[in-house]
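after the sequence you'll find the predicted model.
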2 protein chains.
Amino acid sequence: MIAIKRLSSTDADFAARLKALLAFEGAQDESVDRTVAAILADVKTRGDAAVVEYTQRFDRLAVSDMAQLALPAAELQAALEGLPAAQRSALEAAAARVRAYHEHQPLRGWQYEEADGTLLGQQVTPLDRVGLYVPGGKAAYPSSVLMNAIPARVAGVGELIMVVPTPGGEKNALVLAAAALAGVDRVFTIGGAQAIGALAYGTQTVPQVDKIVGPGNAYVAAAKRRVFGVVGIDMVAGPSEILVVCDGHTDPDWVAMDLFSQAEHDELAQSILLCPDADYLARVAAAIERLLPTMPRREVIRAALENRGALIQVRDLDEACALANQIAPEHLELSVADAQAWLPKIRHAGAIFIGRYTSEALGDYCAGPNHVLPTSGSARFSSPLGVYDFQKRSSLIRVSQAGAQTLGRIAATLAEGEGLPAHARSAEYRLDPPAR
Amino acid sequence: MIAIKRLSSTDADFAARLKALLAFEGAQDESVDRTVAAILADVKTRGDAAVVEYTQRFDRLAVSDMAQLALPAAELQAALEGLPAAQRSALEAAAARVRAYHEHQPLRGWQYEEADGTLLGQQVTPLDRVGLYVPGGKAAYPSSVLMNAIPARVAGVGELIMVVPTPGGEKNALVLAAAALAGVDRVFTIGGAQAIGALAYGTQTVPQVDKIVGPGNAYVAAAKRRVFGVVGIDMVAGPSEILVVCDGHTDPDWVAMDLFSQAEHDELAQSILLCPDADYLARVAAAIERLLPTMPRREVIRAALENRGALIQVRDLDEACALANQIAPEHLELSVADAQAWLPKIRHAGAIFIGRYTSEALGDYCAGPNHVLPTSGSARFSSPLGVYDFQKRSSLIRVSQAGAQTLGRIAATLAEGEGLPAHARSAEYRLDPPAR
């Protein structure tokens, strides 16, 4: 019997129970943070030598030189060519679809000219160089390489540097193949805080990047937080989440498996179902009981469902949408009739999977949109990873001589009001002589 | 005699000297951080009571209740109506221009349908509620209220909450007037880490927001870093900077005053001039000597110029542009002939002021673009504050039954490759029966 929580929105203590269910504190371990601070300082000072030493120690690699930690491009290409045909064509199809979707995303500059010749606008340019962190070991996902690297490439980033630890020398062929497909320029087999330090500060061998993206463990996350400002970083992700809103007419096995697909990630993943139909909730619960023993990762799934999962009865689908906005989930499935009609009610979600055929797994791999999405309710204020994360804007201002007459007087008045007389005088210098 | 550094790009040690000049470590004081952590935890637990106590203590206000710290809307309107006519019309003109510029910025959603009926896209929605921090005392800038609040309003943010400390009960009429003009919904006269905590966690009286923007002191900056993730935050700003690229044909007094206008902000502000003409650099140096004694804020200006200012001779304007990209300044003035022609060479700058009439001060107040800009080289990877910072995207995926057949097979293959069988089965469930 799986002890997944059962809630109803009519429970007297529903608000409190929901709040407890959603609570997740990304504990920032002080000892991890101290270790990371020391590693970063060392890499900043000693560069390659420090990176080589940490890699010897943490990844158990008998290397003496940074050159041994650079992976030749030929090895990426060989990994791609060595894949079984089905895997290679699936990876290529996914890469092509992800690229096609992201090609809709680039920001474009704009400008306009005013009657007096003053021009205003915004220029958009790609980042020069980006670092992509890829975890080693079990959590090494080729799909993640595609999702991080392709938007950077579409943005026109000049150079894309990947770092991936190879503990004990073990390499993941699918990850290397994905790097080849996505067009990564250089790969170093380094990881942990030392890799983040190398990318953020640059070493004799590893070039300094402008932004670091990609998931990692607690050390990597702490290191990214610390170098933020020196370089840009992407969001620091929490556990993965799915919220399914169902009208009670989707095959219960489908919904149970969608909940599993999130729960199998790790014990802290969150799978929640909202439905107005109590009978249907019971049928999904029964499907969970029946299907769980068939799943290879059943222990992880069970732990996640019991820790942070819930089946919640709601009054109606309107209330389900309101709760979805409150939860602001990473993944939201609208598994309802005429799903598109409910879309205008959804304000906060990382990705919205519309209709019964749109299982989250399709979006994770190959529908096209990015699978790097805001977690822990941060969809209230942030967006999926995209091409726009690898571009930035510069304001453009070209004030004509005539424009300087109008604007100069306004600026001077406001600058005096703020007690900044050099600002005022700098504006007044541009006024035509008779007015000075 | 002002000891402003004189460098030449032909100096043997130029690269090292430039690096030292630009170095700025936003020192994160451990004791500030500990104090802030305690205040945040207290506000999170005790809400209003904690905020009232800290406000009594830090702002010396004899208040007993949060209600006394809410500023009635009528008081904002009264502040606006009480302004001298010239100030009011300057503020209104600035607000109108800032609004007009920012109306070019909103992100728009998009979608496309594939041949098999699968729909992909991105939905754009505004944030529900935003908190705007405004410093009290000397650094209370009405222009900053406009620059932070107007983009949020243009984005369609539902509610805009301003916090501004009033140490000793002192209010700044220009700031309140700017809040009225910009359409702020509610104002609380609270500040420091306690105000950040109130906005991030919500209290009995202060509603929880989704994002906090606006400048503040070291305590405010530390608090914003700590609540990041619970809510969104804007960038944490470093000292202000100007880089002037001049061909040697702008009135030296104009350039000197532009350098002053940045330097008068504070002793750590950075003002740098790049020019290929040694004689011109000497004329600007002479103008600095001559004009400085006439400036009310001459002590601050002198300190900033001597600490972090520089007059740098370059080989030519091409080299100046390359250095500008390396420096990635907050403000870049192209004070050269045919300035627009040099624009394509500039990749990294927060705002680009094109041509001799475009003094930075015009952009600070009323040209239209935002004056909240990336500092300390972060223009390499980030953008001016804009409407887009108050909007977020959700991916849209609606896979048709036909689409689920193609995508399901790709996803299942990749999921198996990653060792995630529930993902694979969730995709396979949507395959039509004959194929299962």
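Looks like it arrived, so ask away. Residues are numbered from 1 along each chain as shown, chains lettered A, B, ... in the order given.

so what's the residue nearest the centre of chain A closest to, chain neighbours aside?
Centroid-nearest residue in chain A: A:Val372, 3.4 Å away (criterion: C-alpha atoms, centre = their mean). Closest residue to A:Val372 apart from its sequence neighbours, by C-beta to C-beta, 6 or more residues apart in numbering or on different chains: A:Leu385 at 3.7 Å. (Glycine included, C-beta is placed from N, CA and C.)

correct me, but that neighbour touches A:Val213?
Yes - judged on C-beta atoms under 8 Å, A:Leu385 makes contact with A:Val213 at a distance of 7.0 Å.

hey, what's in contact with both of the two?
Residues touching both A:Leu385 and A:Val213 by C-beta atoms under 8 Å, 6 or more residues apart in numbering or on different chains: A:148, A:234, A:372.

quick check on the closest residue in space to the second one that isn't next to it in sequence: phi, psi?
Using C-beta to C-beta, 6+ apart and skipping the chain neighbours, the partner closest in space to A:Asp234 is A:Val213 (4.2 Å). With angles defined as degrees, to the nearest 10, A:Val213 sits at phi -130, psi 160.

also A:Arg398?
Torsion angles, degrees, to the nearest 10, at A:Arg398: phi -130, psi 100.

neighbours around the spatially closest residue to it that is not a sequence neighbour, how many?
Distances taken as C-beta to C-beta, 6+ apart put B:Ile354 closest to A:Arg398, at 3.7 Å, once the chain neighbours are dropped. When neighbours are defined as other C-beta atoms under 10 Å in any protein chain shown, B:Ile354 has 23 of them.

bridging residues for B:Ile354?
B:Leu334 (DSSP bridges).

pretty sure A:Val231 contacts A:Val213?
No - applying C-beta under 8 Å as the test, A:Val231 and A:Val213 come out as separate, 10.2 Å apart.

shared neighbours, the two?
A:Gly131.

rewinding a little: and the residue nearest to A:Asp234, what does it touch?
A:130-133, A:148, A:152, A:233-234, A:372, A:385, A:389.

swap the cut-off to 7 Å and go again
A:130, A:132, A:148, A:234 (C-beta atoms under 7 Å, 6 or more residues apart in numbering or on different chains).

which among the residues you listed gets closest to A:Gly363?
Using C-beta to C-beta, A:Asn148 comes nearest to A:Gly363 of the contacts of A:Val213, at 15.6 Å.

correct me, but the closest one touches A:Pro215?
No - the pair A:Asn148 / A:Pro215 is not scored as a contact, 8.6 Å apart, by C-beta atoms under 7 Å.

who has more neighbours, the two?
A:Asn148 (28 against 19).

next, the more buried one: secondary structure please.
Here A:Asn148 is helix, with the state taken from DSSP: H, G, I helix; E, B strand; the rest coil.

what about the stretch 51-200 of chain A, any weak spots by pLDDT?
For the stretch 51-200 of chain A, residues meeting the criterion pLDDT under 70 lie at A:138-139.

helices along that one, start to end?
Along the stretch 51-200 of chain A, the stretches classed as helices by DSSP state H, counting those that start in this stretch are A:73-81, A:85-102, A:142-155, A:173-182, A:192-201.

buried stuff in the longest one?
Residues of helix A:85-102 classed as buried under the neighbour-count rule (16 or more other C-beta atoms under 10 Å in any protein chain shown) are A:87-88, A:90-91, A:93-95, A:97-99, A:101-102.
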